[in-house]
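A.B. asks: Sequence and predicted structure, then a few things I'm wondering about:
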Amino acid sequence: MQKLDKLSSREGICEVWVKRDDRSSELYGGNKVRKLEFTLADAAARGKRYVLTYGGIGSNHALATTIHSRRLGLKAILILFPQPVTRHVQENLLLDAHFGAELILAKNSLEAALKTLWQIVTKRSVYVLPLGGSTALGALGFVDAMLELRRQIDAGEVPEPRKIFLALGTGGTMAGLLVGAKLAGLDSQVVGVRVTSSRIGNERKVANLANRVVRLLKRHSESIPDLRFSPSDVSVVHGFYGPGYGVPTPECVEAAKIVREAEGIRLDLTYTAKAFAALLSEARSGAEGPLLFWNTFNSVDLSALAERQDPRSLPKEFQAFFEGEPSF
């Protein structure tokens, strides 16, 4: 936990804290590590050799899956979709290649489905992780994370937050936190800031996934209460998404600059900067604290490794993403 005193003083806003999940691993941090702790263990237990997952060409989830799969002797297969090209996107693509992922480009969901089927048929020993790794099993990592926060509150490390802000992508992180908050007896409101299309990130999908998490827990313990979530139980902020996935907005660029200058914390323009922009907007409106920002980004600097990777070593269809200057 880190209190953002300098930022609060500079902006004249309420008490703000950050949960440093960007430090969740020395190899590659962020929120995906908590999900992968469960899903990669499942893949290994099932004797799988490959882990296939999806994302944009700059996907943090895809890179996290690649790095942590390799630790366990598993090979990552990444089916990736085009997105606006930034330096961060290019760096992640190069790192995917550096850590040994098989890269496959898909223009749409139908093409992705066909290429998935081909991989399953030809390789056979394939463990499929959906977009963002958002399964009921993966979301258990964030049930555990909320229980961890409860212990930190009880130990006096941080006050109980009035609201918890996080980026809402495919919903696994938010679903786990919602279930964990109920089990931990916390009154904090979990606020997801949508950073994907409303078809992917929305209240109904998060509620459905949270209910699947509860059912999974109840299969393993009779002590789990009968929790039920509806879309009205899910708080989502939709106004910071911008014109499209991965497209930086003026608000998120400003938020990233402010938190970097004040606290030395780096955010990405696709997910965390948009979520922090929403928190900043609420705080500037005179909202009471404490507010907690759940930092789902990775803070391990792998840029030197990316610089050693030649874009020409990528599959030909990915080399086009290195032509011209990136937007940011």
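C.D. replies: On my side now, so go ahead.

A.B. asks: ok, which stretches of the stretch 51-200 of the chain are helices?
C.D. replies: 60-71, 87-98, 109-123, 136-154, 172-184 (DSSP state H, counting those that start in this stretch).

A.B. asks: Which among these is found nearest to Phe328?
C.D. replies: Nearest to Phe328 among the helices of the stretch 51-200 of the chain is helix 87-98 (6.5 Å), distances taken as C-beta to C-beta. Bear in mind the C-beta positions are built from the backbone N, C-alpha and C, glycine included.

A.B. asks: Could you give me the buried positions within the closest one?
C.D. replies: 88-98 (16 or more other C-beta atoms under 10 Å).

A.B. asks: In CSV: the residues you listed, plus distance to Glu323 and pLDDT.
C.D. replies: Formatted as CSV, the buried residues of helix 87-98 follow (distance: C-beta to C-beta, whole Å; pLDDT from 0 to 100):
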residue, distance to Glu323, pLDDT
His88, 17, 94
Val89, 13, 95
Gln90, 11, 97
Glu91, 16, 97
Asn92, 17, 97
Leu93, 13, 98
Leu94, 15, 98
Leu95, 19, 98
Asp96, 18, 98
Ala97, 17, 97
His98, 20, 97
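
A.B. asks: before we move on, the earlier item: please tabulate the helices of the stretch 51-200 of the chain in JSON lines, including the columns distance to Leu291.
C.D. replies: Shown next, in JSON lines, are the helices of the stretch 51-200 of the chain (distance: least, C-beta to C-beta, whole Å):
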{"stretch": "helix 60-71", "distance to Leu291": "23"}
{"stretch": "helix 87-98", "distance to Leu291": "26"}
{"stretch": "helix 109-123", "distance to Leu291": "36"}
{"stretch": "helix 136-154", "distance to Leu291": "14"}
{"stretch": "helix 172-184", "distance to Leu291": "15"}
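
A.B. asks: How about Arg284, nearest residue that isn't a chain neighbour?
C.D. replies: Nearest non-adjacent residue to Arg284, counting by C-beta to C-beta, 6 or more residues apart in numbering: Ile13, 6.0 Å away.

A.B. asks: gap between the one you found and Ser281?
C.D. replies: With the distance defined as C-beta to C-beta, to the nearest Å, Ile13 ends up 10 Å from Ser281.

A.B. asks: neighbour count winner among those two?
C.D. replies: Ile13 (20 against 16; other C-beta atoms under 10 Å).

A.B. asks: My guess is that one contacts Leu279. True?
C.D. replies: No: using C-beta atoms under 8 Å, Ile13 is not in contact with Leu279, being 9.4 Å away.

A.B. asks: closest to Asp5 out of the helices of the stretch 51-200 of the chain?
C.D. replies: Counting by C-beta to C-beta, Asp5 lies closest to helix 136-154 out of the helices of the stretch 51-200 of the chain; the figure is 17.7 Å.

A.B. asks: just the CA coordinates of the closest one, formatted as CSV?
C.D. replies: Written as CSV, here are the backbone C-alpha positions of helix 136-154 (Å, rounded to 0.1, in the frame of the first residue of the first chain):
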residue,chain,number,x,y,z
ALA,A,136,-14.1,-17.9,-12.4
LEU,A,137,-10.9,-19.8,-11.5
GLY,A,138,-8.7,-16.8,-12.4
ALA,A,139,-10.9,-14.4,-10.5
LEU,A,140,-10.2,-16.3,-7.3
GLY,A,141,-6.9,-14.4,-7.3
PHE,A,142,-8.9,-11.2,-6.6
VAL,A,143,-11.1,-12.8,-4.0
ASP,A,144,-7.8,-13.5,-2.3
ALA,A,145,-6.6,-10.0,-3.0
MET,A,146,-9.5,-8.4,-1.2
LEU,A,147,-9.0,-10.7,1.8
GLU,A,148,-5.4,-9.4,1.7
LEU,A,149,-6.6,-5.8,1.7
ARG,A,150,-8.8,-6.7,4.7
ARG,A,151,-5.7,-7.9,6.6
GLN,A,152,-3.9,-4.7,5.7
ILE,A,153,-6.8,-2.6,7.0
ASP,A,154,-6.9,-4.6,10.2
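
A.B. asks: buried residues in that helix?
C.D. replies: For helix 136-154, by 16+ other C-beta under 10 Å, it's 136-143, 145-146, 149-150, 153.

A.B. asks: One more: stretch 214-223?
C.D. replies: Those would be 214, 216-217, for stretch 214-223 by 16+ other C-beta under 10 Å.

A.B. asks: And for stretch 232-244?
C.D. replies: Neighbour counts using 16+ other C-beta under 10 Å place 234-237, 240-242 of stretch 232-244 among the buried residues.

A.B. asks: Let's have those residues in a markdown table, adding pLDDT, secondary structure and distance to Glu261.
C.D. replies: Converted to a markdown table, those look like this (pLDDT from 0 to 100; DSSP: H, G, I helix; E, B strand; the rest coil; distance: C-beta to C-beta, whole Å):
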| residue | pLDDT | secondary structure | distance to Glu261 |
| --- | --- | --- | --- |
| Val234 | 98 | coil | 33 |
| Ser235 | 98 | strand | 29 |
| Val236 | 98 | strand | 29 |
| Val237 | 98 | strand | 24 |
| Phe240 | 98 | coil | 20 |
| Tyr241 | 98 | coil | 25 |
| Gly242 | 97 | coil | 22 |
